[in-house]
Structure formats: C-alpha cells, structure tokens
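Novice: what's the 3D shape of this:
(4 chains)
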Protein chains: 2
Amino acid sequence: MSSATKTLELLEYFAPTRPEIGLSQLCRLASRDKATTYRGLRSLEQTGFVEQNPVTKRYRLGPALLQLAQTREITVPRKSGAIAPLQTLSQTTGETCHASILSGTTLYKLVSVESPRHSIRVIIDVQTFPLHATASGLCALAFGPDNLIDTAKSALTTYTENTVATEDALLDIIHTARNTGFGFADGSLESDVHSLAAPLYDQTGSFAGAVSVATVASRFTPELKQQIKAQLVTASREISRNWGGTIPAVIEQSWSAVLT
Amino acid sequence: MSSATKTLELLEYFAPTRPEIGLSQLCRLASRDKATTYRGLRSLEQTGFVEQNPVTKRYRLGPALLQLAQTREITVPRKSGAIAPLQTLSQTTGETCHASILSGTTLYKLVSVESPRHSIRVIIDVQTFPLHATASGLCALAFGPDNLIDTAKSALTTYTENTVATEDALLDIIHTARNTGFGFADGSLESDVHSLAAPLYDQTGSFAGAVSVATVASRFTPELKQQIKAQLVTASREISRNWGGTIPAVIEQSWSAVLT
DNA sequence: AACATCGGTTCAAAAAATGAACCAAACCAC
DNA sequence: GTGGTTTGGTTCATTTTTTGAACCGATGTT
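Specialist: Next up is the predicted model:
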C-alpha cells in the first residue's frame, strides 16, 4: 500500500460520532507509528483536508473537502437529484432509506434519510455497502458490471449467521435479484434488519447505484414488502431520471411481474 | 514535499471548468512524470477520491469527497449558516459576494453568490484568497492570529499594479482595516475589481473567516460603498451568530464610527 | 512527587518512489 | 489505407523518501 493511500485512509476515521481525533488516538486507530501518522496529518493539513483545532490541539476534517465536494457535485450531479425522492420514499414507507453510488468496485453511501414514524429505527452506520451482504450490493452485482462479482467473491466477509458464505449461494441470490428486479437482504449485514433495493441508472445507460429501504424484521409483513417494492420502483425511476438515465425495459418487465 | 502531499495536490486541478482530466493531461498540468501521476491517481481511486469515467477513460472527482464533506459540515457547521445571509447580501447589494473560512494560514472560499442584477459581474475564480491582495485576506491579517502576518510577508505575490509589494505598505493597510473594521481591496487581485470585507467569528471567540462584496470599479460610488458597508455589518453579525460567535465590541465600535 | 499520556522530533535503516524508456491501442491527418 | 501522434498504462535500475524506535518537553492524573 502506497504512502499516499495510507495518508488518505486516515480521513476515514473521522465521523459525526468522532469529529476530532488527537495524534496519539489516531495512530492507535490506524495501527501506525505516531511519527508516520503525524507526517500524514501534516500532509493532509497542508492541503486543507484536515485542520488542527487550536483550542483542543486535536485534528478535524478541513475546508478543502467542502470545495472539492462542491466541484464533484457540480460536475457529476447525483446527490441533489436523490435527496427529494429519498425523502418521499422515507415518508411513504415510514422506514430508513438510502441512495448509493457505484465508483469502481465500491458502493458508496450517497444519501440517508430516516423516518420519524417509528421509535425503533434502522441505522446502518457504514459509508460503503458490502456487495454480498446488502440489498443495494446485490443490486450492484445483479445489474452492474460483471467484474463486481469477482470482487464480491474475493471478500465474502461474514457479518451475521445469514451472511452468504459460498460462491454458489452468492450466485443464487444474484440470480434472484436479476429475476425480480430487486435486491433483498434479510439480516445478512445486521441481524433483524431486512432491506429491499432497486437499481439506479445514469446517462451512460449503465447501472450507477441503488436506492434501498431498510426495516426491522418484526414489522416486515408481506403487505409492507409489496408496498416498499412499489415505492422503490417510483423512487428508482425518479432518481434515474434526475441522473439522466432510464430504467432498462427488462427490469421494468420484472417489476411488472412482481407487482401484480 | 511528501509524496502524499503531491498526490493530494492532484485534486486541485479538477474544477467545474475542468470536470475530467486524462492521465497525460494531468501529468502535464502537474509537471510530473506520467508514471508518478498514474500512481497518484491509483491511490486516489482506491480511496474513492477520484474515479475513472468508464466511457472516456478520463478521471474525475469521486464520491468519498461527498461523504467527507458531509461529515465536515455536520461536525463543523459553517457553510449552511453562511448561505442564506450571503444570498441576502448579494440581493441587497446587487453584487458578487463571498464567505471564506480560515484554516491554518489559508483563507478558503466557502460560499459564493452572484447577483443577476448586472450583466457585468465580478467572477473571482480562486479557491483560496491571497492574504495580502484581497479584502477578505486583509480582514484575516487585521483580526486573525498574528502569525498570518508573517505568512503574508513571505508571499507578497504581485497580481496587478495595485498589489501591495512592501512590508511597510502591507502593515499600513492592515492598520487601516483594524481601524475601520473593514478590509478593502482596490484592484489588488484583479484590475478594476474593488472589494470590501468584514470579519466573521465563531464560538471560540476567534476570527474564523470573512464575508465580502466585490464590485466593478466603475460602479463603486461613495454611496454604494456606504451601502455595502452597512449590509456587510448585517451579514457579518448574522453569519457569526450562526457560527456560534459574536462580533467583538471594539469592531462594533469601529463600525459605528464609520457608518455615521 | 511520580507516573502516564499527550503532541511532536530525530536519524539510521529500510522501503518506496521516481521517471526514462517502453508497450499496445486509439486517434488523426492525408 | 498508411504513417505519425497521442493516449492510458507498465517496467525496473536508480534515487529518494519513508519509516518507526527512541526521544523530548509539556500537561494531566493520582
């Protein structure tokens, strides 16, 4: 792993639950020597990616990220086109919803919306969705580029008893996703969390991401499942349209069959 | 300069006017060997900072930036509290307005708002404001930490005939900014562009950034100047309040003296 | 007062980065 | 269709940088 990659990975430890990190704490988190971590932070600081809180001496994310994120969204507009449909989806289903975006072989969380309807809510605290263990990931495997399947096969991490563990089982659930037009995960990332997802397309005509709804297993009735599927279709069409794409006819057909 | 810093600096070449950059073009822009540039891009790609457009093979900014920017704004909320007051400022003055934020010894552009009132508009296409050559920068020198003055002295880059060129001249205009409570630049970064700026404070009670109005020299009448100052004061108070800070009494006094 | 932990620094040894030269493929001009 | 140019990408001898154990002074804790 290159020095630059190691430095960049330091940024991943910052989170809303961990807004500031001291040098010694960060080197423990990153499992690196303090001098190495310090030089990484200096590099990030020089380029505006982190800044040192003058009061606490701890480090936090810096303003250059805001500028680059703005440039990214201006040049590849995805987030803004996903927010409103996702808020609607969350409101109508009453559950936690996500939009994700594929970059290389990684599915990044783009937008999350929680619903205030229930006091028992699903919180999925990841920034990237494992391909084999999430509904969105299964969408990517079913409708995205074929090389994703190889990537997934080489990283069959076990999260719960329900996480798919063999290549055959993985190919089976990918096949099911292709046939139904939906990714479905029942407790494969978190116990008692069920998720459904639909694919998203952009102007290239290719799979670009997924939109998903996550709910607690105990309220996942067949009625709710059908309702969620119908709402996912609406959201998928709208977000894809906002991204300059359309849903392929073969998926629209799968959806029709499943929703009658 | 470390390898990590060189890699991070590759990101600075991406802009709304340059959304995608090929490998050969980027190595020319960065004045680096192609192999070095390629390894830098690979590192950035592995961590989600850039992605390769599968159609054009060129590189563009990646989704990890969106996630980190969101974390940054959640943990250090600045941008959201500056947008509305800046839109109001632009609307009432009819000119281009900026909010900037200090990080280390660099003043980063945070938000820009243009007004549609005039067809001749100021566009300041920088991501960081030179301390000695902008109204916002002079605010930082006048009201920010003292070490900024040393930083400015060591980088007295000439942009126009009006750019301050000597340490004495720099100290003079810093002194004027301290006395008036406003930074003022007349053509020091761009010919025929005049700017006024006021300081911003956050919850630490320290200088945190600046809010500025830029206009074309030809419509910068004494009346407009007074109007802009009044509006800047309002915007400065509001943004500072949104950032958890208040304007120091000594600056409020300077403003009172200047606005009567 | 003693100890622990912090942010930060040094330098010999180890490891990685560099870039000139190279490759095949795609593009362009004629 | 051909020849030249430019592209994204690769290799490896050489050069340069990175690494991390040991260290520092300051601060916090008991």
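Novice: ok, now which ones touch whatever residue of the stretch 1-150 of chain A ends up closest to DNA strand C?
Specialist: Relative to DNA strand C, the nearest point of the stretch 1-150 of chain A is residue A:22 (2.1 Å; C-beta to the nearest atom of the strand). For the C-beta atoms, the positions are set from N, CA and C on the backbone; glycine is no exception. By C-beta atoms under 8 Å, 6 or more residues apart in numbering or on different chains, residue A:22 lies in contact with A:56, A:57, A:58, A:59.
Novice: and residue A:223, that's in a helix?
Specialist: Yes: the assignment for residue A:223 is a helix, going by DSSP: H, G, I helix; E, B strand; the rest coil.
Novice: That one and residue A:229, how far apart?
Specialist: Distance, residue A:223 to residue A:229, using C-beta to C-beta, to the nearest Å: 11 Å.
Novice: again, but for residue A:11
Specialist: Using C-beta to C-beta, one gets 37 Å for the distance from residue A:11 to residue A:229.
Novice: Quick check on those two: which one has the bigger neighbour count.
Specialist: residue A:11 (23 against 19; other C-beta atoms under 10 Å in any protein chain shown).
Novice: give the contact list for the residue nearest to that one when sequence neighbours are not counted.
Specialist: Ranked by C-beta to C-beta, 6 or more residues apart in numbering or on different chains and with sequence neighbours excluded, the top spatial neighbour of residue A:11 is residue B:68, at 5.9 Å. Each residue near residue B:68 by C-beta under 8 Å, 6+ apart is listed here: A:11, A:14, A:61, A:65, A:69.
Novice: Which of the contacts of residue A:22 ranks first by neighbour count?
Specialist: Within those, residue A:59 tops the neighbour count with 24 neighbours, counted by other C-beta under 10 Å.
Novice: Start and end of stretch A:68-82, how far apart?
Specialist: Using C-alpha to C-alpha, to the nearest Å, the end-to-end distance of stretch A:68-82 comes out at 19 Å.
Novice: ok, the spatially most central residue of chain A to chain B distance?
Specialist: When C-alpha atoms, centre = their mean is applied to chain A, the residue found nearest the centroid is residue A:109 (2.9 Å). Counting by C-beta to the nearest C-beta, to the nearest Å, the gap from residue A:109 to chain B is 7 Å.
Novice: Can you give the contact residues for the helix or strand containing that residue?
Specialist: Assigned by DSSP states H and E, residue A:109 belongs to strand A:106-113. The contact list for strand A:106-113, computed with C-beta under 8 Å, 6+ apart, reads A:78-79, A:82-83, A:86-87, A:89-90, A:96-102, A:124, A:126-129, A:131, A:134, A:136-137, A:140, A:209-210, B:48, B:63-64, B:66-67.
Novice: of the residues you listed, buried ones?
Specialist: A:78-79, A:82, A:86, A:89-90, A:96-102, A:124, A:127-129, A:131, A:134, A:136-137, A:140, A:209-210, B:48, B:63-64, B:66-67 (16 or more other C-beta atoms under 10 Å in any protein chain shown).
Novice: Filter these down to the ones in strands?
Specialist: Of the buried ones among the contacts of strand A:106-113, the ones assigned to strands by DSSP state E are A:96, A:97, A:98, A:99, A:100, A:101, A:102, A:209, A:210.
Novice: circling back to that earlier point, how far away is the residue of the stretch 1-150 of chain A closest to DNA strand C from residue A:64?
Specialist: Residue A:22 sits 21 Å away from residue A:64, going by C-beta to C-beta.
Novice: How about the residues of the stretch 1-150 of chain A by DNA strand C?
Specialist: Contact residues, the stretch 1-150 of chain A versus DNA strand C (C-beta under 7 Å from any atom of the strand): A:2-4, A:22-25, A:34-35, A:38, A:41, A:52, A:57-58.
Novice: one more time with 6 Å
Specialist: By the rule C-beta under 6 Å from any atom of the strand, the part of the stretch 1-150 of chain A lying against DNA strand C is A:2, A:3, A:4, A:22, A:23, A:24, A:25, A:34, A:35, A:38, A:57, A:58.
Novice: how close does residue A:212 sit to DNA strand D?
Specialist: For residue A:212, the distance to DNA strand D equals 30 Å [C-beta to the nearest atom of the strand, to the nearest Å].
Novice: oh sorry, the question was meant for residue A:196
Specialist: Distance, residue A:196 to DNA strand D, by C-beta to the nearest atom of the strand: 35 Å.
Novice: That residue touches residue A:212, doesn't it?
Specialist: Yes: with contact defined as C-beta atoms under 8 Å, residue A:196 counts as touching residue A:212 (6.5 Å).
Novice: what sits in contact with each of those two?
Specialist: By C-beta under 8 Å, 6+ apart, residue A:196 and residue A:212 have these common neighbours: A:135, A:183, A:232.
Novice: The second one: neighbouring residues, count only.
Specialist: The number of residues packed near residue A:183 is 29, by other C-beta under 10 Å.
Novice: So what does it look like in phi/psi?
Specialist: Note on residue A:183: backbone dihedrals following degrees, to the nearest 10 are phi -90, psi 140.
Novice: three-state assignment of residue A:56?
Specialist: Under three-state DSSP, residue A:56 comes out as coil.
Novice: quick one: it and residue A:19 touch, right?
Specialist: No: Residue A:56 lies out of contact with residue A:19 (C-beta under 8 Å); the separation is 10.4 Å.
Novice: from the shared contacts of residue A:196 and residue A:212, which is closest to residue B:217?
Specialist: Nearest to residue B:217, judged by C-beta to C-beta, of the shared contacts of residue A:196 and residue A:212 is residue A:232 at 56.0 Å.
Novice: and the closest one, what element?
Specialist: Using DSSP H and E, residue A:232 sits in helix A:222-242.
Novice: Which residues does that helix contact?
Specialist: So helix A:222-242 is contacted by A:80-82, A:85-86, A:88-89, A:92-93, A:95, A:97, A:99, A:182, A:196-202, A:208, A:211-213, A:215, A:246-247, A:255, A:258-259 (C-beta under 8 Å, 6+ apart).
Novice: before we move on, what about stretch A:243-255?
Specialist: Residues outside stretch A:243-255 that contact it (C-beta under 8 Å, 6+ apart) are A:77-78, A:81, A:143, A:178-181, A:199-205, A:208, A:229, A:233, A:236-237, A:240.
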